[in-house]
Every structure is written in structure tokens, then in C-alpha cells.
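Undergrad: Sequence below, structure please.
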Amino acid sequence: MKRTGRTIDRIAAAVLLAGIASLHSTCEARAESPAGENEVLEAAEKVTPTVEEIAQQLWDLAEVSLLEIKSSAYLKDVLTRNGFAITSEKTAGVPTAFIAEYGKGEPKLGILLEYDALPGLGNEPVPERQPRKDGVTSGHGCGHNLIGAGAMGAALAIKNLMVANDVPGTLRVYGAAAEESEGAKVFMAREGAFDDLDAMLHWHPMDVAHVSKVRLAATTHMYVEFKGKAAHAGLYPWKGRSALDAVEILLHSVNMMREHVEPTARIHYIITDGGKAPNIVPDRAVVMLTYRDADRERVNAGIAWIKDMVEGAGLATQTEGLAIDYFGMHDLLPNTPLADRMHKHFKTVGLPEYTTEENAFATELQNASGLEPTGMAAQVGPIPDEPRLGGFTDVGDVSYITPTMGVTVPSMPQGIPLHSWMATACHGHSIGFKAAVTASKVLTLTGIDLLTDAELLEQVKADFDERTEGFTYESPIPDTIKEPSGLPDEMRRYGTRAQLKATILNNTGDHGLAPHSHGTGAPHTH
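TA: Residues are numbered from 1 along each chain as shown. I've put the predicted structure just below:
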């Protein structure tokens, strides 16, 4: 099997470390960090005002995916003011993505920032539906303002500890833009931005508290367009060919498909263009479709089947179909030793204490949502046993390249869903800010361990190598997609979207129905 140089280095390091361990079997089980636990927590506590400030600023900006221009600039400014060097901007073809770095040498630790909002979810930070007074209609219904703030807090605290204790290593912060659409992490992965890391840390707001030892789904996003022939729908419909008829046949076929896919599969779609008027035979119709399943192999098989349906629908209606699987993600790969250590630290940090006003906010919001008023989660849950869930994240691609682990911290009352105005309200409230502060402490404790505890890092890498043995990372983004397809033309570097569509048609030669070629550059083989 072909292996990259990085994998060979991993294997050699594992053999060397195993030999050292056998020679020193009576040594202390864990190397102590030069910074004690109290010092680490104090360092995390000192950056709390900065965490809260970032959470508020990003919530106020509420910039949607791919357009986080002010948010990205703000975060880069915070990093440079705190001693980090911006080593990459407009990273991997994503204009609002970046990479910052502090330190040098080994080990190399990464931390992920997110900061994009969702359209239509703007709300005042109150327990009722109330549009923002400033007119901003987008909102942080997934709490990425908190992700950016909490992860940044951990990065600043770890950097300060590295300075105070002369801790060697490289701390790298990734401005991972556009998680809600065409996530920058997947573009970064394709360009090798994570290849030299020893580990990556992340976190996510939720209504529960536990480490993220779960399996999220692999995913592909697909654009489908049919072209027909317009005609008067009453006088001579036989002169037309309905693109909408083709869409209806396609979607009926997709719904028949549901009976024959595994329970892990999820298929959902919207029709974004179905014609302009009922008395005109539609000459154009467009569907946006998402296919999820347990892993890339299953997703690729499902997408190939749907492309056959597109071709069949075109034949049945005498229309032309274009099917582009323009973006995808891998499933999320856990890491047991890293989850165990992070869980230990989460138990140490514990959950926030809430004021009378905050508890009242939580129960009022639950009442407004028709939920039992149980308030906030009261305890850190046990480590999950890697359940398969239907959600997806572009962290998945990172997790197949370097050992990765995260934590979910309650930022909303129990039962409140993400991607809702209720979540937006919480994420602009002190309840949400406390979640970011808690996450920053957990990530700081875990991060400093990864930089100073050689035995932990050995165990983390061994778990990762075992899980990825024989696996070759291939990007789920087609080679023809050099930058996110959703970028407006004025932000694009590789031609307009119309030119992109023409390129895809020329490359496939079959209306975009051929399977795409995965992954530019050398594959990451384990």
C-alpha cells in the first residue's frame, strides 16, 4: 500500500515510543505539565473578559457563511494583538478563512474557530420571538459566535502558559469559515493544512454536556438543474418540454429510494426554481439536495444512484439534466484517549452556575417553545459510546487527518433546538457566554496536556493510527471546484459561477452526470 511520508513518520515514531515505554515500564504513568492545574485554570479565567467580548462582537455582526468579512478581520486582529502571526489569509480559496500561529517546533496543536451565522434567525436576546432592533435578520442560531470566542480564549490562555512556562511547540489557530455551507475545513484539508498537526481541538454549543465521542454523518451536497423548452401551457403545450416534470420524476424516484437505503441514510432537498408562471411550460428547474450516510462509501453510492435518476428523468421528459456533487464531508472520527482526558477536565471545570435571572430566562424560553421548564443541563454527562448521529460537520475531514476531539457545552436550555431563533437568543445572552467560557477552560486544560504530556500524545496517536489503518483520505470536493461554489462573483478568484458551470459541463461531457474525480494533490494514506 502507498503511504505518505507523514504516515511513515508516524509508524517510525510509534515503534520508537513503544521501545522506550518497554524500557521504562516502571516510570511514572503520566509526565506532569510544568503548569499545574490551578495555574492553567487561572490562565483560562484571565481571558474570560476577552471571550465574552468576542462572543458579543460576533453575535452583533452575525455574518452568514462565506461573507464573514468583518468577523474574520476582527478575529485576526485579536490574534495579532496577542502575539500570533497570521501565516495564511484567504486560505485554500476561501476568502474569509485564515491560519494564525504561535511558537515553533514539536508538538503541533491546532484549535478550530468558527464564526458564521445563519440567514433568517436574527432575534433579540430575549425569551420571545422579537426581531433585532438594528434590523439584522441573520443570527447565530448554531452558536458559532460562541465557538469562535471559546476556542479563541483557549488559544490565548495556552499561548500565555507556553510563554510563562517555556513550553515548546507550535500552537496553530484555524479560522474555519463557512461551516454552515461549504466549510473551509474541507478546502483546507484538500490543501494539506492539517497534515503536520499532532492533534486538533474543537467545541460546539448544545443543550447537553459531554465530550464529542460520537460518529456524525458523511455528506454530499448536490445541485441538479433541468433544461427544457418553454411554450404556452394552454394553446400548444406539446411544443414545450417541462423541466419541472423532470424534477417531479426525480424527486418521486428519490422518495421511492428511501425504502431501500440503510437507516443511517438521510436525504433532503428543496426546489429553488420551478418555473415563473403556471401558464408557461417551465424551461428551467433547479433542486438542491443533501445526501447523508454513515461514511463516504455509502454516500458516494447513494449519489451515483441519484445521478442515474437525473439521467432517467431527463430521458422521460426529453429534457437535459445537470447534476453536480459540488461539496462533501467525511464522517466524524472520535479518539478514545483524547476523549477520556477531555472528559476528566470537563468534570473538573464543571458547568456554570446561573443567576436567578438566567434561570428565569431559560424556563421562560422553554415555556415559549412548548417545552417542560426544566432549565439548563445540571451535570456533565458520561462519555458517549460513539453513537451514530444524523448531523454532519466539516470537522469530520480534519478528524481523518489528525487526532481530533471536541466537547459540547450547554448554551441553551434543555430541549431548545439549534438553528432556531430561540438558540440565537441564547447565544447573545449571558447563558451562552458562560458556555464559551466553560469550553475555553476545558480546551485549555486539554491543550496544555497535549503539548506537555508525551505519553498522552503517544496514546492519542496510537488510537488514531489504529482507526485509520489502510485508509486513504480523498477530498470529497471535485477537482473542478477550486473555491466554494456559493461565493458571489465579486469575491471569486477562478472565474464566475457561470464559467464554473461551463467548465463542469466541458469536463464531464455528459451534462455533469459522470462521477467526479476526488481530491487534488497527494492522498493522505494511513
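
Undergrad: quick one: contacts of stretch 34-51?
TA: With Cβ atoms under 8 Å, 6 or more residues apart in numbering as the test, stretch 34-51 has contacts from 33, 78, 149-150, 152-154, 156-158, 160-161, 164-167, 348-349, 433, 436-437, 440-441, 444-445, 448, 452. Using the backbone N, CA and C atoms, a C-beta is placed for each residue, glycine as well.

Undergrad: Pop the domain breakdown of this structure in here.
TA: In the domain annotation for the chain, the residue ranges read 35-216+332-468, 218-330+488-521 (automatic domain parsing).

Undergrad: between those domains, which gets the lowest average pLDDT?
TA: For the domains of the chain, the stretch scoring lowest in mean pLDDT is domain 218-330+488-521; its value is a mean of 92.

Undergrad: Can you give the distance of that domain from its chain's centre?
TA: For domain 218-330+488-521, the distance between its averaged C-alpha position and the chain's averaged C-alpha position is 24 Å (Cα atoms, centre = their mean, to the nearest Å).

Undergrad: Please apply the same query to stretch 142-151.
TA: Relative to its parent chain, stretch 142-151 has a centroid offset of 12 Å by Cα atoms, centre = their mean.

Undergrad: Please apply the same query to stretch 338-355.
TA: For stretch 338-355, the distance between its averaged C-alpha position and the chain's averaged C-alpha position is 22 Å (Cα atoms, centre = their mean).

Undergrad: re the thing from before, got JSON lines for the domains of the chain, with distance to Pro476 and mean neighbour count too?
TA: Putting the domains of the chain into JSON lines (distance: least, Cβ to Cβ, whole Å; neighbours: other Cβ atoms under 10 Å) gives the following:
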{"stretch": "domain 35-216+332-468", "distance to Pro476": "7", "mean neighbour count": "21"}
{"stretch": "domain 218-330+488-521", "distance to Pro476": "3", "mean neighbour count": "17"}
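
Undergrad: Helices along the stretch 401-526 of the chain, start to end?
TA: Taking DSSP state H, counting those that start in this stretch as the criterion, the stretch 401-526 of the chain carries its helices at 421-427, 430-452, 454-468, 497-508.

Undergrad: hang on, the earlier thing: compare the domains of the chain and give me the one nearest Glu474.
TA: Proximity to Glu474, assessed across the domains of the chain by Cβ to Cβ, is greatest for domain 218-330+488-521 (4.0 Å).

Undergrad: dump the residue contacts of Pro168.
TA: Pro168 makes contact with Gly103, Lys104, Gly105, Glu106, Leu451 under the criterion Cβ under 8 Å, 6+ apart.

Undergrad: Take those residues and keep only those in helices.
TA: Among these, the ones falling in helices (DSSP state H) are Leu451.

Undergrad: Between the contacts of Pro168, which sits nearest Gly314?
TA: Of all the contacts of Pro168, the one sitting nearest Gly314 is Glu106; the distance, using Cβ to Cβ, is 54.5 Å.

Undergrad: roughly how far apart are that closest one and Gly83?
TA: Counting by Cβ to Cβ, to the nearest Å, the gap from Glu106 to Gly83 is 20 Å.

Undergrad: ok, back up a step: nearest to Met288, out of the helices of the stretch 401-526 of the chain?
TA: Taking Cβ to Cβ as the measure, those were each checked against Met288, and helix 497-508 came out nearest at 14.1 Å.

Undergrad: who does that closest one touch, helix- and strand-wise?
TA: For helix 497-508, the helices and strands in contact under the criterion 3 or more Cβ pairs under 8 Å, 6 or more residues apart in numbering; DSSP states H and E are strand 320-329.

Undergrad: Need the contact partners of the helix or strand that the strand it packs on is followed by.
TA: Downstream of strand 320-329, the first helix or strand assigned by DSSP states H and E is helix 336-349. By Cβ under 8 Å, 6+ apart, the list of residues contacting helix 336-349 from outside reads 37, 41, 199, 209-213, 380, 383, 403-407, 438, 441-442, 445-446, 449, 456, 459-460, 462-463.

Undergrad: contacting residues around stretch 74-94?
TA: Contacts of stretch 74-94 from elsewhere in the structure, counted by Cβ under 8 Å, 6+ apart, are 50, 54, 57-58, 61, 66, 96-102, 113, 115, 148, 152, 155-156, 159, 163, 173, 175, 177-178, 182, 184, 187-188, 190-191, 193, 482-484, 493-494.

Undergrad: at 7 Å instead, please
TA: The set of residues that contact stretch 74-94 without belonging to it, under Cβ atoms under 7 Å, 6 or more residues apart in numbering, is 54, 57, 97-102, 113, 115, 148, 152, 156, 159, 173, 175, 177-178, 184, 187-188, 190-191, 193, 482-484, 493.

Undergrad: can you check stretch 382-393 too?
TA: By Cβ under 7 Å, 6+ apart, the surrounding residues in contact with stretch 382-393 are 210-211, 213-217, 219, 264, 266, 292, 294, 329, 332, 334, 339-340, 343.

Undergrad: Report the backbone C-alpha coordinates of that stretch in PDB.
TA: Output in PDB follows, covering the C-alpha atoms of stretch 382-393 (Å, rounded to 0.1, in the frame of the first residue of the first chain):
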ATOM      1  CA  PRO A 382     -20.900  10.200  30.700                       C
ATOM      2  CA  ILE A 383     -18.600   9.700  27.700                       C
ATOM      3  CA  PRO A 384     -20.800   8.600  24.700                       C
ATOM      4  CA  ASP A 385     -20.100   5.200  23.200                       C
ATOM      5  CA  GLU A 386     -19.700   6.500  19.700                       C
ATOM      6  CA  PRO A 387     -23.400   6.600  18.700                       C
ATOM      7  CA  ARG A 388     -24.100   7.400  15.000                       C
ATOM      8  CA  LEU A 389     -26.000  10.600  14.700                       C
ATOM      9  CA  GLY A 390     -27.500  12.200  11.600                       C
ATOM     10  CA  GLY A 391     -25.800  15.600  11.900                       C
ATOM     11  CA  PHE A 392     -22.700  16.500  10.000                       C
ATOM     12  CA  THR A 393     -19.700  18.800  10.400                       C
END
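
Undergrad: would you list the contacts of Pro168 in a markdown table and tack on distance to Gly314?
TA: As requested, the contacts of Pro168 are exported to a markdown table (distance: Cβ to Cβ, whole Å):
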| residue | distance to Gly314 |
| --- | --- |
| Gly103 | 56 |
| Lys104 | 56 |
| Gly105 | 57 |
| Glu106 | 54 |
| Leu451 | 56 |
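
Undergrad: what's the angle from the helix or strand hosting Ile147 to helix 430-452?
TA: When elements are defined using DSSP H and E, Ile147 is found to belong to helix 144-165. Here helix 144-165 runs at an angle of 40 degrees relative to helix 430-452 (axes from the mean of the first three to the mean of the last three Cα atoms, to 10 degrees).

Undergrad: Use 873 as the first number from now on
TA: Got it, first residue is 873 now, which makes that one helix 1016-1037.

Undergrad: What's the first helix or strand after helix 1016-1037?
TA: Counting by DSSP H and E, the element after helix 1016-1037 in chain order, helix or strand, is strand 1041-1047.

Undergrad: what's that following strand packed up against?
TA: helix 941-953, strand 970-976, strand 980-985, helix 1016-1037 (3 or more Cβ pairs under 7 Å, 6 or more residues apart in numbering; DSSP states H and E).
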